[in-house]
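A.B. asks: Give me a 3D structure for the following:
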Amino acid sequence: MKSTIEIPNAPSPVGPYSQAIKYNGLTIASGQIAIDPKTGILDTSSIENETHQILKNIDALLEAGNLKRDNILKCSIFLKDMNDFNKVNEIYGSFFNKPYPSRETVEVARLPKDANIEISFIAGE
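C.D. replies: Numbers count the residues shown, from 1 in each chain. Sure, this is the predicted structure:
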């Protein structure tokens with residue numbers, strides 16, 4: 001059975017979608033951008049700040065789904081500028097323990113609210 005995860009300590013969706021869906025032991029999260037859920041403000045002051053806020057938002061979704069970082073199986077990272085890859089990769093790498101989730105990183109022309117990075121994930125129970 002499909003159920004949604006909607007929580008106050010992660011940013012509200014900016015469109016007609018759920019923050020995350022649970023189905024058959026999987027949690028599939030929508031892309032997270034660096035919106036601070038307390039203020040509703042997107043912080044684009046630096047790629048480092050954006051990445052840290054996104055990872056905080058991911059932690060909030062995991063907690064709401066009774067999951068931990070180690071439950072994440074796959075991440076997708078969307079970057080507006082691939083020149084930010086090394087900075088993002090360093091922060092991202094410190095967020096996880098081995099074995100790391102599978103992942104792809106792609107450069108895109110534009111992201112919602114003109115964010116510089118967006119990260120989505122799939123987690124298992």
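
A.B. asks: what are the bridge partners for residue 106, then?
C.D. replies: As for beta bridges, residue 106 partners with residue 78 under DSSP bridges.

A.B. asks: ok, now which ones touch the spatially closest residue to residue 21 that is not a sequence neighbour?
C.D. replies: Distances taken as Cβ to Cβ, 6 or more residues apart in numbering place residue 28 nearest to residue 21, at 5.1 Å, with adjacent residues excluded. To be clear about C-beta, it is placed using only N, CA and C from the backbone, and glycine gets the same treatment. If you count contacts by Cβ atoms under 8 Å, 6 or more residues apart in numbering, residue 28 has them with 20, 21, 121, 122.

A.B. asks: Pull the most distant pair out of those residues.
C.D. replies: The distance between the two most remote of the contacts of residue 28 (Cβ to Cβ) is 12.0 Å, for 21 and 121.

A.B. asks: Check the burial of the residue lying closest to residue 108 once chain neighbours are set aside by counting its neighbours.
C.D. replies: Nearest non-adjacent residue to residue 108, counting by Cβ to Cβ, 6+ apart: residue 78, 4.9 Å away. Residue 78: 20 surrounding residues under other Cβ atoms under 10 Å.

A.B. asks: Residue 78 touches residue 32, doesn't it?
C.D. replies: No - the pair residue 78 / residue 32 is not scored as a contact, 10.5 Å apart, by Cβ atoms under 8 Å.

A.B. asks: which residues do those two both contact?
C.D. replies: 118, 119.

A.B. asks: The residue nearest to residue 21 and residue 80, how far apart?
C.D. replies: 23 Å (Cβ to Cβ, to the nearest Å).
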